[in-house]
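[1] Sequence and predicted structure are below.
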Amino acid sequence: MKRLNTVLKEDGVETDLILLIRTILATSKEIAFRVSQGELAGVLGSTLNENVQGEVQKKLDVIANQLLKDILIDDTLVKSVASEEEDHAVGAHPDGKFIVAFDPLDGSSNIDVNGQIGTIFTIYPARDDVAYDSDEQFKQPGTNQVCAGYVLYGPSSLLVMSTGGPTRCYTLDCTHGGYLLTNKQLNVPKQSREFAVNMANYRYWDEPTQVYFDKLLYTCESFEKSSMRWNAAMVGDVHRILCRGGLFLYPQDKRTGNENGKIRLLYEANPLALLMENAGGSATSRGKRILDIAPSSLHQRVPVAMGSDEPVEFYNSTLA
Ligand SMILES: O=P(O)(O)OC[C@H]1O[C@](O)(COP(=O)(O)O)[C@@H](O)[C@@H]1O
Ligand SMILES: [Mg+2]
Ligand SMILES: [Mg+2]
């Protein structure tokens with residue numbers, strides 16, 4: 001099996017970008033180790049703090065954020081970093097070539113129940129027309145991403161990543177400490193009857209989304225044998241869909257604060273949209289391509305429908 005470094009070189013990825021990816025992944029190995037130790041490493045449970053979005057921070061959210069932030073702001077290739085757990089962009093090096101955004105720990109509610117969690121990251125070229133440490137650095141559409149990926153800390157730790165080409169999957173080999181290529185190209189099937197959505201929000205959805213699910217569950221013949229799969233971690237739900245198709249949905253709803261759903265554009269929707277598209281799937285928000293939306297603020301939320309082409313189109317046609 002090929003090592004990550006070899007694959008990136010064969011893909012023609014520039015050396016500086018390879019170095020930055022390796023820096024991020026060095027931290028992911030540290031996080032993977034702590035996750036695997038669980039209670040023994042003292043990483044379970046909550047802190048007394050909330051992040052800028054009013055969510056209670058878990059100890060692992062804070063630890064993963066600190067590990068990633070520290071290593072990245074030390075790296076001269078990095079101009080600025082943005083994180084779900086930071087109020088604003090954190091400046092690193094004014095001459096840095098790249099900016100990095102991340103969700104240090106996605107699926108925080110799964111931490112204490114030994115469920116799937118992951119780290120999502122994305123790399124963009126740095127801008128020279130705005131201050132190196134300002135949020136403006138990150139107001140770029142997802143099409144500008146030069147790399148997007150996630151590390152899923154499950155029964156094994158997996159890296160799923162694209163540097164613009166195919167979405168590839170690597171497995172962390174704990175015996176030598178490196179990522180090895182285990183699937184050179186993920187291909188999302190065009191059709192699928194699986195869907196991932198928090199059905200408990202049904203009463204808050206707007207009418208078109210309710211109608212879509214009424215059709216899907218009760219009348220639509222092609223969904224007769226559909227199955228729901230919900231991890232409560234987008235990274236885990238999207239991983240399943242990248243492997244075997246399906247629809248991931250997090251719509252907007254009527255509750256105050258949920259007008260744009262829950263998923264954050266910069267460090268959740270955009271990197272996962274790039275991986276989905278480069279695996280042959282679709283990624284949309286209110287019927288539009290997610291990758292074309294530039295964030296207007298760091299923690300902007302967007303409704304999300306991504307996965308196999310057919311169910312994504314069917315969902316969007318119901319909204320139209
Ligand atoms: O179960 P809920 O409350 O609908 O939320 C699940 C969603 O929230 C998230 O966990 C948010 O991510 P964080 O854990 O990084 O805050 C998504 O990954 C997931 O799809
Ligand atoms: Mg998240
Ligand atoms: Mg998070």
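    Cool, got the structure. Ligands and ions are numbered 1, 2, ... in the order given.

[2] residues in contact with residue 23?
    Contacts here follow CB atoms under 8 Å, 6 or more residues apart in numbering; on that basis residue 23 touches 71-72, 75, 77. C-beta coordinates here come from the backbone N, C-alpha and C atoms, glycine included.

[3] Check it and give its pLDDT.
    pLDDT recorded at residue 23 is 98.

[4] circling back: name the nearest of the contacts of residue 23 relative to residue 226.
    Lowest distance from residue 226 to the contacts of residue 23 (CB to CB) belongs to residue 72, with 41.2 Å.

[5] State the three-state secondary structure for that closest one.
    At residue 72 the chain is in helix, as set by DSSP: H, G, I helix; E, B strand; the rest coil.

[6] and if you look at residue 52?
    Under three-state DSSP, residue 52 falls in the coil class.

[7] I'd say it and residue 299 touch.
    Yes. Shown here, residue 52 and residue 299 form a contact pair, counting by CB atoms under 8 Å, at 6.3 Å.

[8] So between these two, which is more surrounded?
    Counted by other CB atoms under 10 Å, residue 52 and residue 299 do not tie: residue 299 has more neighbours, with 19 against 13.

[9] List the residues that contact that one.
    52-53, 84, 264, 266.

[10] contacting residues around the spatially most central residue of the chain?
    Centroid-nearest residue in the chain: residue 268, 3.8 Å away (criterion: CA atoms, centre = their mean). Going by CB under 8 Å, 6+ apart, residue 268 touches 84, 103, 106, 120, 234.

[11] near ligand 1, which of those show up?
    84, 103, 106, 234 (CB under 6 Å from any ligand atom).

[12] At the contact with ligand 2, which residues of the stretch 51-200 of the chain appear?
    Taking CB under 5 Å from the ion, the part of the stretch 51-200 of the chain that reaches ligand 2 is made up of 103, 106.

[13] The helix or strand of the chain with the lowest mean pLDDT and ligand 3 in contact?
    Within the chain, confidence by mean pLDDT, DSSP states H and E is lowest for strand 46-50 among all helices and strands, at a mean of 81. No. Under the criterion of CB under 5 Å from the ion, ligand 3 is not reached by strand 46-50; the shortest gap measures 12.8 Å.

[14] Quick one: the helices in the stretch 101-250 of the chain, in order.
    Under the criterion DSSP state H, counting those that start in this stretch, the stretch 101-250 of the chain contains helices at 207-214, 234-244.

[15] taking these together, which one is wrapped up most tightly?
    Counting by mean count of other CB atoms under 10 Å, helix 234-244 has the highest mean neighbour count of those, with a mean of 24.

[16] which ones among the ones next to ligand 1 among the contacts of residue 268 are found in strands?
    Residues of those located in strands (DSSP state E): 103, 106.

[17] The nearest residue to residue 147 once chain neighbours are set aside pairs with what?
    Residue nearest to residue 147 in three dimensions, not counting chain neighbours: residue 123, with 4.3 Å by CB to CB, 6 or more residues apart in numbering. Taking DSSP bridges as the rule, residue 123 bridges to residue 100, residue 147.

[18] What separation is there between residue 123 and residue 228?
    33 Å (CB to CB, to the nearest Å).

[19] Who has more neighbours out of these two?
    Applying other CB under 10 Å to residue 123 and residue 228 shows that residue 123 carries more neighbours, namely 25 against 12.

[20] For the more buried one, report the pLDDT, please.
    98.

[21] Please apply the same query to residue 69.
    Looking at residue 69, the pLDDT reads 98.

[22] wait, doesn't it sit right on residue 84?
    No. Using CB under 8 Å, residue 69 makes no contact with residue 84, being 11.4 Å away.

[23] ok, and the closest non-adjacent residue to residue 98?
    Closest residue to residue 98 apart from its sequence neighbours, by CB to CB, 6+ apart: residue 123 at 5.3 Å.

[24] picking that back up, among the contacts of residue 268, which one lies nearest to residue 143?
    residue 120 (17.5 Å).

[25] Now for the closest one: which residues touch it?
    Going by CB under 8 Å, 6+ apart, residue 120 touches 102-103, 106, 149-150, 235, 267-268, 271-272.

[26] picking up where we left off before, which one's more surrounded, residue 69 and residue 84?
    residue 84 (25 against 21).
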